[in-house]
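> Everything below, folded, please.
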Amino acid sequence: MRKSLLLGVIDQAVLSLFNMAVSFALIAYATPMEFGRYVYALTVILILTSLHNALISTPLSVLIPARTGALRMRTVDDLVSFDLLLRMAGVVVALAFFIIAHRDPSFILAGLAGAYLTLGRERARSLFIATDRVERCLVLDLVFAVSAVAFTVILWGTLAPSTATLSAIALANALALLLTTLGETRPVNPITGGAAVAQTYWREHWRDTRWSLAGASVTEAHNRAYVVVLEVLRDAAAVASVQAGRLLLGPLVLLASAWVRIVRPAFAGLLARDERDAAWRLLWQGLSLVSLLAFAYAMALVLAWPLAETYVFKGRYADIAVVTALWGIYTGLALARIMLSTVLQAAYRLRALAYASMAAAMVSALLLLALLLEVPAWAAIIAVIAGEAVLLMWIGILVAKLFRDPQPLSARARGTAE
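Numbering: from 1, shown residues only. Below is the predicted model:
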């Protein structure tokens, strides 16, 4: 477990450094409008990734560690085959989002390719981790990050910065998948066998993952709707002014996500055996570790702030200190929420999670209506913070009830009926 956690942290550090490098390059060397366009496209991809994780990554990480033999192999085949259908549907959804705000064909095509191939890499990452091959996941992401930087440099002078970056992400994903997953799985052809694949997924997984999907949908509405609202009600520059501060805190959320990917299968195994004391210890160890790293990162950010203002933001992003401070509050709440919700995911308490997310999304959505008034763009962050606070309190109560429940936990993860 310790080796897997270490490799998982390294893997997420690679992705965090890449994401920050790209964002800083756009902030420093492109216009706020171009950075805002990239943020909008990336937000669409992240929304699709979250929904994809709900339907593919969550069942992979929860069911595979708890199953053995033929049942385990069949579960992998079913989910990998459905993944292709889901990614095709994701492209259609992405197209709708892009058309709302942009008409540039090259930008839209780059965004669609980036979305489809990013989802493919997410599925590969989840499968590697669920089968305890974290080092393979690290290789996949290293190839992606290094090649994405190279492709960005090559394309930067021939395409608009946002389009060049999205195109580089698509190409890098394709190369990483080709080099690390070729022959790894044999999914059913979605053209000839798509109907059968969908029926199998509906029969075997939909009863549970529909709640995971509902929870992810409303969580994304709560966490990222402000980007769409700002894009529609204001402009891409307003999106950039708000998002510029969030990217500085992004590595902390990615760190928590790395912890989740590694320990969710472990939680699933412990809870399937009703070893709640061990699960509780694992949870608190994770919370302590991430809290310590978050504090160290925050101190480093404070010390480096004058350099960031001088050499990165260059006075082009108003109220950046206020924006970053607000995102710091949100990040603290989000770290705890992400880690606590992992326990509920591993226990397959997906419906309860969905209801909690719905409440948070409603709070955020109501407060986002303030953007119809003459308020600063960063008022959107306050709406997100309020929803996050509601979500954390609700999930905390659910986790406490789970560990106090005297009844044995569900055996669904082992493939038996509830």
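
> Burial check on residue 401, number of neighbours?
Residue 401 is flanked by 11 other residues according to other C-beta atoms under 10 Å. For the C-beta atoms, the positions are set from N, CA and C on the backbone; glycine is no exception.

> Please identify which helix or strand holds the spatially most central residue of the chain.
Ranked by distance to the mean C-alpha position of the chain (C-alpha atoms, centre = their mean), the top residue is residue 50 at 5.1 Å. Element membership for residue 50 (DSSP states H and E) is helix 32-52.

> what packs against the helix or strand just after that helix?
Next along the chain after helix 32-52, taking DSSP H and E as the criterion, comes helix 58-66. Judged by 3 or more C-beta pairs under 8 Å, 6 or more residues apart in numbering; DSSP states H and E, helix 58-66 is in contact with helix 69-101, helix 105-130, helix 206-233, helix 236-272, helix 320-346.

> Kindly export helix 58-66 (C-alpha atoms) in CSV.
Taking C-alpha atoms only, helix 58-66 is exported to CSV below (Å, rounded to 0.1, in the frame of the first residue of the first chain):
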residue,chain,number,x,y,z
THR,A,58,-15.9,3.9,-9.7
PRO,A,59,-17.2,0.4,-10.6
LEU,A,60,-13.7,-0.6,-11.8
SER,A,61,-12.0,0.5,-8.6
VAL,A,62,-14.7,-0.9,-6.3
LEU,A,63,-15.8,-4.2,-7.9
ILE,A,64,-12.5,-5.5,-9.4
PRO,A,65,-10.6,-5.7,-6.1
ALA,A,66,-13.5,-7.5,-4.5
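
> What residues of that helix count as buried?
For helix 58-66, the buried set under the neighbour-count rule, 16 or more other C-beta atoms under 10 Å, comprises 58-66.

> For residue 397, see how far away the residue nearest to the centre of the chain is.
According to C-beta to C-beta, to the nearest Å, residue 50 stands 23 Å off from residue 397.

> repeat for residue 168
Taking C-beta to C-beta, one finds residue 168 at 44 Å from residue 397.

> same question, residue 141
35 Å.

> Number of residues surrounding the closest residue to residue 43 other than its chain neighbours?
Take residue 43 and drop its neighbours on the chain: the residue closest to it by C-beta to C-beta, 6 or more residues apart in numbering is residue 227, 4.4 Å away. Neighbourhood size, residue 227 [other C-beta under 10 Å]: 25.

> Contacts only, for residue 227.
39-40, 43, 239, 242-243 (C-beta atoms under 8 Å, 6 or more residues apart in numbering).

> any idea how far it lies from residue 24?
Going from residue 227 to residue 24 by C-beta to C-beta gives 19 Å.

> likewise residue 105?
28 Å.

> who has more neighbours, the two?
More crowded of residue 105 and residue 24, by other C-beta under 10 Å: residue 24, with 18 against 9.

> Show the contacting residues for the nearest residue to that one once chain neighbours are set aside.
The spatial neighbour of residue 24 that comes closest, neighbours along the chain excluded (C-beta to C-beta, 6+ apart), is residue 312 at 5.5 Å. Residues counted as contacts of residue 312 (C-beta under 8 Å, 6+ apart) are 24, 27-28.

> cool, residue 215 as well?
Contacts for residue 215 were tallied using C-beta under 8 Å, 6+ apart; they are 54, 350, 353-354, 356-357.

> Quick check: pLDDT value at it.
At residue 215, the model reports a pLDDT of 78.

> any idea how far it is from residue 13?
Using C-beta to C-beta, which is the criterion applied here, residue 215 is 27 Å from residue 13.

> Then residue 229?
For residue 229 relative to residue 13 (C-beta to C-beta), the value is 32 Å.

> okay but residue 239 is in contact with residue 34, surely?
No. Counting by C-beta atoms under 8 Å, residue 239 does not reach residue 34; the two are 11.2 Å apart.

> more neighbours, residue 229 and residue 13?
residue 229 (19 against 15).

> how many neighbours does the nearest residue to that one once chain neighbours are set aside have?
Sequence neighbours aside, residue 368 is the residue nearest to residue 229 in space, at 5.4 Å (criterion: C-beta to C-beta, 6+ apart). Using other C-beta under 10 Å, residue 368 has 23 other residues around it.

> What residues of whichever strand or helix holds residue 368 count as buried?
Using DSSP H and E, residue 368 maps to helix 350-368. Across helix 350-368, burial judged by 16+ other C-beta under 10 Å covers 350, 352-354, 356-361, 363-365, 367-368.

> State the mean pLDDT of it.
With pLDDT averaged residue by residue, helix 350-368 scores 89.

> One more: stretch 84-100?
Across stretch 84-100, the average pLDDT comes to 92.

> buried stuff in it?
In stretch 84-100, counting by 16+ other C-beta under 10 Å, buried: 84-87, 90, 94-95, 97-98.
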